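K.L.:
Dropping a prediction and its sequence here:
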Amino acid sequence: MASEEKKILIVEDEKTIRDAVAAYLERDGYIVRGVGDGQSALEEFEKHSFDLIVLDLMLPKLSGERVCRAIRETSNVPIIMLTAKGEVEDRIIGLELGADDYLIKPFSPRELVARVRALLRRAHTEAEPQLEVLDFGDLVIDISGHKVLVEGKEVDLTASEFKLLTTLARYPGRVYTRMELVEKVLGYDFEGYERTIDSHVKNLRAKLGDDPRHPRWLYTVHGVGYRFEASQKPSEGSDAKASKK
Ligand code: CA
């Protein structure tokens with residue numbers, strides 16, 4: 001089976017949703033563990049390793065927001081946030097906390113399964129050795145090692161942020177529309193998710209220390225999308241990596 005025994009943690013207090021989602025994921029070959037509150041989620045997370053987490057935002061005991069924050073302190077595991085309809089701010093908050101994707105309730109379990117697959121495929125592709133380093137001097141993107149260094153200091157990026165940065169940095173100067181970035185970064189083609197990209201760019205800028213008013217790397221192209229630019233031309237290849245360490 002394509003899912004290769006991947007383990008998924010579902011954190012959702014509404015039992016009917018939790019059970020339905022679990023059933024669909026299990027049918028797709030995943031090993032699923034479900035809990036109903038934020039406290040149990042963190043306990044499960046500490047005890048077992050998961051390949052992906054589906055996290056509801058409104059939870060008893062400990063909110064999804066706090067759970068996400070706690071997990072992100074130690075892990076870049078892919079997180080899909082579940083939010084109630086109309087909670088636009090909450091969606092954005094979820095992404096700013098470092099969730100990789102979100103779904104608005106009510107959602108179809110089938111769509112959730114598709115998102116899970118896309119996110120795991122992405123994480124898997126990134127793990128494959130490619131021996132590629134993009135060296136812009138102050139900014140070094142080690143694609144094979146899944147590492148980003150700003151002035152020699154490693155910056156911790158989520159899977160989506162890393163994908164976004166590498167997509168832009170591979171072709172400095174090329175302008176990407178938000179929709180293109182949604183497809184490339186999130187792995188699906190769906191209208192209405194352009195704001196997701198804005199949130200990821202915002203997080204990425206904060207982590208890289210890139211001021212949007214005086215950008216070093218990430219430039220906003222108004223009304224269109226984003227482009228990457230660096231003062232130094234990239235030197236690419238495994239030599240760059242070898243010379244770094
Ligand atoms: Ca809930």
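P.N.:
That came through, no problem.
K.L.:
contacting residues around the residue in the chain that the ion sits nearest to?
P.N.:
Per Cβ to the ion, Met58 is where the chain lies closest to the ion, at 4.0 Å. From N, CA and C alone the C-beta is placed, and that goes for glycine too. Applying Cβ atoms under 8 Å, 6 or more residues apart in numbering, we find Met58 in contact with 13, 64, 84.
K.L.:
from the residues you listed, which ones fall inside helices?
P.N.:
Within the contacts of Met58, membership in helices is found for Gly64, as judged by DSSP state H.
K.L.:
Quick one, which of the contacts of Met58 are buried?
P.N.:
The neighbour count (16 or more other Cβ atoms under 10 Å) marks 13, 64 as buried among the contacts of Met58.
K.L.:
restrict the contacts of Met58 to those near the ion?
P.N.:
The subset of these within reach of the ion, by Cβ under 5 Å from the ion, is Asp13.
K.L.:
Which positions in the chain make contact with the ion?
P.N.:
So far as Cβ under 5 Å from the ion goes, the chain lies against the ion at 13, 56, 58.
K.L.:
roughly how far is stretch 49-61 from the heart of the chain?
P.N.:
The chain centroid and the centroid of stretch 49-61 are separated by 15 Å under Cα atoms, centre = their mean, to the nearest Å.
K.L.:
Quick check: end-to-end length of it?
P.N.:
One end of stretch 49-61 sits 22 Å from the other (Cα to Cα, to the nearest Å).
K.L.:
Show me what counts as buried in that stretch.
P.N.:
50-59.
K.L.:
Max pairwise distance over the residues you listed: which two?
P.N.:
For the buried residues of stretch 49-61, with distances taken as Cβ to Cβ, the pair at the greatest spread is Asp51 and Met58 (24.3 Å).
K.L.:
Where does pLDDT dip in this protein?
P.N.:
Counting by pLDDT under 70, the ranges of the chain that qualify are 1-4, 85-95, 124-131, 188-192, 235-245.
K.L.:
ok, which stretches of it are helices?
P.N.:
Counting by DSSP H, the helices of the chain are 15-27, 38-47, 64-74, 88-96, 109-127, 159-170, 178-181, 194-208, 238-244.
K.L.:
any chance of the buried residues of stretch 49-61 in TSV, with distance to Gly187 too?
P.N.:
Shown next, in TSV, are the buried residues of stretch 49-61 (distance: Cβ to Cβ, whole Å):
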residue	distance to Gly187
Phe50	19
Asp51	16
Leu52	13
Ile53	17
Val54	16
Leu55	19
Asp56	22
Leu57	22
Met58	26
Leu59	26
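K.L.:
List the buried residues of stretch 75-85.
P.N.:
75-83.
K.L.:
now, which of those residues lie within strands?
P.N.:
The members of these that map onto strands under DSSP state E are 79-83.
K.L.:
And stretch 8-23, what's buried?
P.N.:
Buried residues in stretch 8-23 (16+ other Cβ under 10 Å): 8-13, 17-18, 21-22.
K.L.:
can you dump the C-alpha coordinates of that stretch into CSV?
P.N.:
Only the C-alpha atoms of stretch 8-23 are listed here, as CSV (Å, rounded to 0.1, in the frame of the first residue of the first chain):
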residue,chain,number,x,y,z
ILE,A,8,-1.3,9.6,12.0
LEU,A,9,-2.6,11.2,15.2
ILE,A,10,-6.1,12.7,15.1
VAL,A,11,-6.9,15.3,17.7
GLU,A,12,-10.6,16.1,17.6
ASP,A,13,-13.1,16.3,20.5
GLU,A,14,-16.2,15.6,18.3
LYS,A,15,-16.2,11.8,18.3
THR,A,16,-18.3,11.5,15.1
ILE,A,17,-15.8,13.5,13.1
ARG,A,18,-12.8,11.7,14.8
ASP,A,19,-14.3,8.3,14.0
ALA,A,20,-15.2,9.2,10.4
VAL,A,21,-11.8,10.6,9.7
ALA,A,22,-10.1,7.6,11.3
ALA,A,23,-12.2,5.2,9.3
